[in-house]
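Student: what follows is a predicted structure for the sequence shown.
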Amino acid sequence: MSALVEKIRRAREQRVTVGKHTFIIRRPTDLEMLRIGHSRRPEDILAHVVGWDGVTEGDLINGGDPHPLPFDADACTEWLTDRMDLFGPVSEAIFKAFADH
C-alpha cells in the first residue's frame, strides 16, 4: 500500500471509548457503506475497527492475561459479536462518522 493511501485512511480514523475500552475506527467510504447496507453482516461493520488501546486477554477471555494485547482484527470481531454492550456503541460510532462526513 502506498504511503499516500495510508495517509488517506488514517485521516478517516477516530477513537471511540466504550466503558474502559478504546477502539480505533475508520469511517467507511461511500462504496464501503453501500456494501455494508447490502450485506447487513456484523463482520462488514467491524472491519472498520482498525485498532484498540488497553484491551487485554483478560477482557476477551475469563482468566486471561492482564497485559495489553496488540490489535487482532479477527479476535476483535469474535469478541465484539458476542458483546452487544460494546458492539452497539462501536457500530453506532462507525455509522455516525459516516453520517457526519
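Tutor: Received it, and whenever you're ready, just let me know what you need.
Student: which residues of the protein fall in strands?
Tutor: 13-18, 21-26, 49-53 (DSSP state E).
Student: nearest approach to P89 belongs to which of the ones you listed?
Tutor: With C-beta to C-beta, the closest approach to P89 among the strands of the chain belongs to strand 13-18: 4.5 Å. Placement of C-beta: from N, CA and C, glycine included.
Student: helices or strands next to the closest one in the packing?
Tutor: Here strand 13-18 touches strand 21-26, strand 49-53, helix 84-100, going by 3 or more C-beta pairs under 8 Å, 6 or more residues apart in numbering; DSSP states H and E.
Student: for the spatially most central residue of the chain, give me the pLDDT.
Tutor: Nearest residue to the geometric centre of the chain (C-alpha atoms, centre = their mean): V49, 1.8 Å. Listed pLDDT for V49 reads 98.
Student: give the contact list for it.
Tutor: 23-25, 73, 76-77, 80, 90, 94 (C-beta atoms under 8 Å, 6 or more residues apart in numbering).
Student: beta partners of it?
Tutor: I25 (DSSP bridges).
Student: distance of the spatially closest residue to A75 that is not a sequence neighbour from H21?
Tutor: Among residues not flanking A75 along the chain, L60 sits closest, at 6.3 Å (C-beta to C-beta, 6 or more residues apart in numbering). The gap separating L60 from H21 is 11 Å, by C-beta to C-beta, to the nearest Å.
Student: ramachandran coordinates for the residue located most distally from the centre of the chain?
Tutor: Largest separation from the mean C-alpha position in the chain: G63, at 23.7 Å (C-alpha atoms, centre = their mean). The phi/psi pair for G63 (degrees, to the nearest 10) reads phi 80, psi 10.
Student: which residues does R26 contact?
Tutor: Contacts of R26 by C-beta under 8 Å, 6+ apart are 9, 12-13, 48, 50.
Student: which of those residues tops the neighbour count?
Tutor: H48 (25 neighbours; other C-beta atoms under 10 Å).
Student: contacts only, for it.
Tutor: 25-28, 32, 94.
Student: okay, those residues in CSV with pLDDT and distance to P42 next?
Tutor: What follows is these, written out as CSV (pLDDT from 0 to 100; distance: C-beta to C-beta, whole Å):
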residue, pLDDT, distance to P42
I25, 98, 14
R26, 98, 16
R27, 98, 18
P28, 97, 14
E32, 95, 15
I94, 96, 11
